[in-house]
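Peer 1: missing the sequence, but the structure's below:
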């Protein structure tokens, strides 16, 4: 019986039934194998015993998920652990979900665990009064297997144990059952008959046990297969696209992508501060090969080109990190949008070859690109398509010396009212984080200790309400406190010192505590683009308005590619 569940491009998912004997047969013949991006077996001995008990007691064990294969499989593949695939075997199915269960069944039924044997017990019961399975730790010394009784049928019968291997479906094991029982019972007819009947009843349960499966048709694209695989494996550590392709790369070109990444991390250790380096590298490779930086494009990358141009990517990463640090974009927690990162590395891989005026022009273009990416809505939707268009046009200007016209340069910057309404930058709010970066661009000098924000100190800074929430509540203000314009990054010590004091009070405290006077306090405020007068007057509404003006002026300069400092 087949039942259509849902539809995909070019086919549909089907639900089918398959007996355990047919699963075991297909696995042994090498017809069912694993895509190489699957992780290896990870089940505990307890989980394996529990699975065997479920089969014996005819309890459900869940369904499998396979991809049908015709001809050459779409992914590099490997046999299920413990299986010796016959020469000339042809893969007809790739197992997307169910590896742990099939591996456990195959290895326990074929005696594939070197340090563990499994036995059905006819004297013990499970917590739910079902047939129990016990696992026994095995060791090997001088060619002998210990405990010795695990090799002795007579001793096993005395203990009430039957090896799980005897339940493997097939005619060959049917004869083994008879031979084993005769040896165990010393040819006592009544005992032989009793145990043969019992064991054969268990064998019948194993043989006919139904393990249903869902199948994807051969017409399913690689991208769709990986999307399905990712969705059905959400209960474990998510499998990244890097995990999926690394085996293909190593087999195809003989290079270890892990080794390449280690070399990149050694040369550019700062890259890891901005996100998952694996993801950054693959999306950069897509842009360098003139592809959209999305999963389908990454799966179709030319891996030889990636290796051939690895040195340019590393050079681009080095320059991109230095550029980001100079613009005071210090880490992922303060990054308004990830989309700009692979683009910057790609473009700096070209700009790194320049010098003099040409390098200055490229830096101006890249500053303009970076800050427009932060402040405009260009990458809010369809980001992959948008960024490839921008990179192509910027590449014309930087690498080819042609006047490119990236669409992002025509994107509209936010108005003052939008700046006033931007939320709290600790959240993943693009505009709020862009506003915070303006204060970091000025050095964001701590209001108490005077230390300038740096890469090493950014993670230790705290998000501080310049006008505290408690103060605004006491003033019965209806203004919202959690706004980007009301935020400053300061040290935790300063944050504890200021606490919920009104601005006039804590600024007076800072002046009294410092022997450098008001000028130093004014300098620290300016480094955050904080207007002094409304702060001293405790005027929140005017403070927001004036700070919005300062941020807007900075935004206009930076989004035009000009250097800016408060």
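Peer 2: Structure's in. What do you need? These figures come from a predicted structure and were not determined experimentally. Residues are numbered from 1 along each chain as shown.

Peer 1: Could you identify the helix or strand that succeeds the helix or strand where residue 321 lies?
Peer 2: For residue 321, the element it lies in under DSSP states H and E is helix 310-326. For helix 310-326, the following helix or strand on the C-terminal side (DSSP H and E) is helix 340-351.

Peer 1: residues in contact with the following helix or strand past that next one?
Peer 2: As assigned by DSSP H and E, the chain's next helix or strand after helix 340-351 is helix 356-375. When contacts are defined by C-beta atoms under 8 Å, 6 or more residues apart in numbering, helix 356-375 is touched by residues 323-324, 327, 329, 336-337, 339-340, 343-344, 347-348, 350-351, 354, 378-379, 390, 394, 397-398, 406, 408-409, 411, 413-414, 430-431, 433-434, 437, 555, 558-563. C-beta: built from backbone N, CA, C; applies to glycine.

Peer 1: do stretch 49-66 as well
Peer 2: Residues outside stretch 49-66 that contact it (C-beta under 8 Å, 6+ apart) are 15, 20, 23, 32, 43, 93-98, 101-102, 104-105, 108, 118, 120, 126, 128, 130-135, 164, 202, 205-206, 209, 211-216, 228, 232.

Peer 1: Stretch 416-424 now?
Peer 2: So stretch 416-424 is contacted by 429, 431-432, 435, 463, 482-485, 487, 544-545, 548-549, 551-552, 555 (C-beta under 8 Å, 6+ apart).

Peer 1: Low-confidence stretches in the stretch 51-200 of the chain?
Peer 2: Counting by pLDDT under 70, the stretch 51-200 of the chain contains low-confidence residues at 187.

Peer 1: What pLDDT is listed against residue 234?
Peer 2: With respect to pLDDT, residue 234 scores 55.

Peer 1: How about residue 500?
Peer 2: 64.

Peer 1: what angle separates whatever helix or strand residue 261 lives in from helix 310-326?
Peer 2: Using DSSP H and E, residue 261 maps to helix 257-267. Angle between the axes of helix 257-267 and helix 310-326 is 40 degrees (criterion: axes from the mean of the first three to the mean of the last three C-alpha atoms, to 10 degrees).

Peer 1: re earlier: report the buried members of the contacts of stretch 416-424.
Peer 2: Buried by 16 or more other C-beta atoms under 10 Å: 429, 431-432, 435, 483-485, 487, 544, 548, 551-552, 555, out of the contacts of stretch 416-424.

Peer 1: From the residues you listed, which land in helices?
Peer 2: 431, 432, 435, 544, 548, 551, 552, 555 (DSSP state H).

Peer 1: Now do the same contact list for the second one.
Peer 2: Contact criterion C-beta under 8 Å, 6+ apart gives 422, 423, 424, 425, 484, 487 as the residues in contact with residue 432.

Peer 1: go with 10 Å
Peer 2: 336, 419, 421-426, 482-485, 487 (C-beta atoms under 10 Å, 6 or more residues apart in numbering).

Peer 1: Name the SS class of residue 393, please.
Peer 2: Following DSSP: H, G, I helix; E, B strand; the rest coil, the label given to residue 393 is helix.

Peer 1: Tell me how far it lies from residue 208.
Peer 2: 65 Å (C-beta to C-beta, to the nearest Å).

Peer 1: For those two, indicate the residue with more neighbours.
Peer 2: The neighbour count for residue 393 versus residue 208, taken as other C-beta atoms under 10 Å, is higher for residue 393 (20 against 12).

Peer 1: from what I can see residue 310 touches residue 260, true?
Peer 2: Yes: with contacts counted by C-beta atoms under 10 Å, residue 310 reaches residue 260, the gap being 6.0 Å.

Peer 1: any residues in contact with both of the two?
Peer 2: In contact with both residue 310 and residue 260: residue 281, using C-beta under 10 Å, 6+ apart.

Peer 1: So what's the residue count around the closest residue to residue 431 other than its chain neighbours?
Peer 2: Nearest residue to residue 431 in three dimensions, chain neighbours excluded: residue 422, at 4.5 Å (C-beta to C-beta, 6 or more residues apart in numbering). Using other C-beta under 10 Å, residue 422 has 22 neighbouring residues.

Peer 1: measure residue 422 to residue 188 for me?
Peer 2: 86 Å.

Peer 1: all strands of this structure, in order?
Peer 2: 3-8, 11-16, 32-35, 64-68, 77-78, 93-97, 116-125, 131-137, 139-141, 144-146, 161-163, 213-216, 461-465, 487-491 (DSSP state E).

Peer 1: TSV please, covering those and showing distance to residue 528.
Peer 2: Below are these laid out as TSV (distance: least, C-beta to C-beta, whole Å):
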stretch	distance to residue 528
strand 3-8	52
strand 11-16	55
strand 32-35	52
strand 64-68	54
strand 77-78	56
strand 93-97	52
strand 116-125	63
strand 131-137	63
strand 139-141	67
strand 144-146	71
strand 161-163	74
strand 213-216	55
strand 461-465	10
strand 487-491	5
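
Peer 1: Out of these, the one nearest residue 283 is which?
Peer 2: Closest approach to residue 283 among these is made by strand 32-35 (22.3 Å; C-beta to C-beta).

Peer 1: Tell me the strands beside that closest one, with direction?
Peer 2: Sheet pairing for strand 32-35, assigned by DSSP bridges, gives strand 77-78 (antiparallel), strand 93-97 (parallel).

Peer 1: Give me the contacts around the shortest one.
Peer 2: Surrounding strand 77-78, the residues in contact under the criterion C-beta under 10 Å, 6+ apart are 30, 33-38, 40, 69, 85, 91, 94-95, 247.

Peer 1: Of those residues, keep whichever come out buried.
Peer 2: Buried among those by 16+ other C-beta under 10 Å: 30, 33-38, 69, 85, 91, 94-95, 247.

Peer 1: Show me which positions of stretch 214-230 end up buried.
Peer 2: 214, 215, 216, 220, 221, 223, 224, 225, 226, 228, 229.

Peer 1: Hmm, residue 21 is touching residue 171, no?
Peer 2: No: using C-beta under 10 Å as the test, residue 21 is too far from residue 171 to be in contact (11.0 Å).

Peer 1: okay, these two: which has more neighbours?
Peer 2: Neighbours around residue 21 and residue 171, counted as other C-beta under 10 Å, are more numerous at residue 21. The numbers are 16 against 7.

Peer 1: give the contact list for that one.
Peer 2: Residue 21 neighbours (C-beta under 10 Å, 6+ apart): 168, 169, 170, 203, 206, 207, 208, 209.

Peer 1: What separation do you get for it and residue 56?
Peer 2: Relative to residue 56, and taking C-beta to C-beta, residue 21 is found at 15 Å.

Peer 1: go on, residue 325?
Peer 2: From residue 325 to residue 56 the distance is 62 Å (C-beta to C-beta).

Peer 1: Please identify which of the two sits among more neighbours.
Peer 2: Comparing residue 325 with residue 56 by other C-beta under 10 Å, the one with more neighbours is residue 56, at 21 against 15.

Peer 1: Buried residues in stretch 167-175, which are they?
Peer 2: Under 16+ other C-beta under 10 Å, the buried positions of stretch 167-175 are 167, 168, 169, 173.

Peer 1: hang on, I meant stretch 328-340
Peer 2: 328, 329, 330, 331, 334, 335, 336, 337, 338, 339, 340.

Peer 1: same deal with stretch 131-145?
Peer 2: Buried residues in stretch 131-145 (16+ other C-beta under 10 Å): 131, 132, 133, 134, 135, 138.
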